[in-house]
Structure formats: structure tokens, C-alpha cells
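**Student:** Got a sequence here, can you model it:
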Amino acid sequence: MPIDDNSYRGAASACIYALIALQTVMLFALFTKTAPHPPLTVPPFALGPFLGMSISLGVLAATLVHHRLKPGYMAAILFALASLVSFGPQKLLADELALIWPAVVFGLSTSLALIYLSIASLRHHMSPGDTAAADGLGSR
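**Tutor:** Next up, the predicted model:
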């Protein structure tokens, strides 16, 4: 069965919501200092405001992807890249990996899946003759 726009949209939305949930849990762990909590700062910024921005970007991406808007997939890619600050491959070398590996493996794989799905959806939207998608209006 070929993958259509609804398949990309549904899978991308699921990845976005999963990463929003994971980052929200991290933010609560940071606020409550529940071990193992994220560091307060990750140069060049404080992690709390960064997580707030990232979660907000995820909500933006989810809303735009739901409405099949091309900028939603672009925002989803940015959201996935922002998620890699907390769950990127650099975390596989962290001293506390034995304690955080479930979040790291899930966050990394979900971020990579979201990037793939978003690029695939953008390519699908840019297929020849799809002028509404090329304008960023999507199809309803």
C-alpha cells in the first residue's frame, strides 16, 4: 500500500506529540530537581527557557501539520533538531547514560523519524502539479 499524505501527517503528528510529552517531563524534572534531572544550563543558554521554546515550537508544528500546511513540516524539522539538544547522539556518551538511556533512545529515534517524515511529506507536497501545496496552502 503506498504511503499518502495522511500517512505522513499522522506519523509526523504522533512523533511531535511524543516529543512534546518527553520534553515536558524533562522540564518538570528540571523544575523539581528530580534525579536524574537535566542540567540547569547547556552553553550558550539556560535549559528551562530553551525547553519552553522547544515545546512551543512543537505545538506550533503539530497545529500546522494538522492543517496540512507546508510550514508545519518545516517547523517539525526545527522542533526535531531542537529536541536533539536533549536527546542527540552526544547523550550516548554521557556519564549518566545508564540512568537516562530510555529517554535518549526514544527521543533520538523519534527525532530522526520526525525529520524523515517531514522531508518525505515536503517532497510529496512539492510533486509536479501540486500548486496549492507549493504555495504552502496544503490540500483539504
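
**Student:** What ranges does the chain have for its strands?
**Tutor:** Per DSSP state E, the chain carries strands over the ranges 41-42, 45-46.

**Student:** Of all those strands, which one is nearest L108?
**Tutor:** When those are compared by Cβ to Cβ, strand 41-42 sits nearest L108, at 16.3 Å. For glycine as for every other residue, the C-beta is placed from the backbone atoms N, C-alpha and C.

**Student:** ok, the closest one: who's next to it in the sheet?
**Tutor:** Using DSSP bridges, strand 41-42 pairs in its sheet with strand 45-46 (antiparallel).

**Student:** pLDDT on the partner strand, on average?
**Tutor:** For strand 45-46, mean pLDDT is 90.

**Student:** So what's the gap between that strand and the chain middle?
**Tutor:** 19 Å (Cα atoms, centre = their mean, to the nearest Å).

**Student:** hmm, who's touching that strand?
**Tutor:** L40 (Cβ atoms under 8 Å, 6 or more residues apart in numbering).

**Student:** what do you get for stretch 81-92?
**Tutor:** Contact with stretch 81-92 is made by 19, 22-23, 26, 38, 42, 50-51, 53-54, 57, 97, 100, 103-104, 106-108, 110-111, 115, as judged by Cβ under 8 Å, 6+ apart.

**Student:** Quick check on the residues you listed: which are buried?
**Tutor:** Neighbour counting by 16 or more other Cβ atoms under 10 Å classes 19, 22-23, 26, 38, 50-51, 54, 57, 100, 103-104, 107-108, 110-111, 115 among those as buried.

**Student:** what's the pLDDT at the closest residue to E96 other than its chain neighbours?
**Tutor:** Closest residue in space to E96, ignoring its immediate chain neighbours: P36 at 5.1 Å, by Cβ to Cβ, 6 or more residues apart in numbering. Note on P36: pLDDT of 88.

**Student:** Same question for D4.
**Tutor:** We have a pLDDT of 62 for D4.

**Student:** any low-confidence regions in this structure?
**Tutor:** 1-4, 127-140 (pLDDT under 70).
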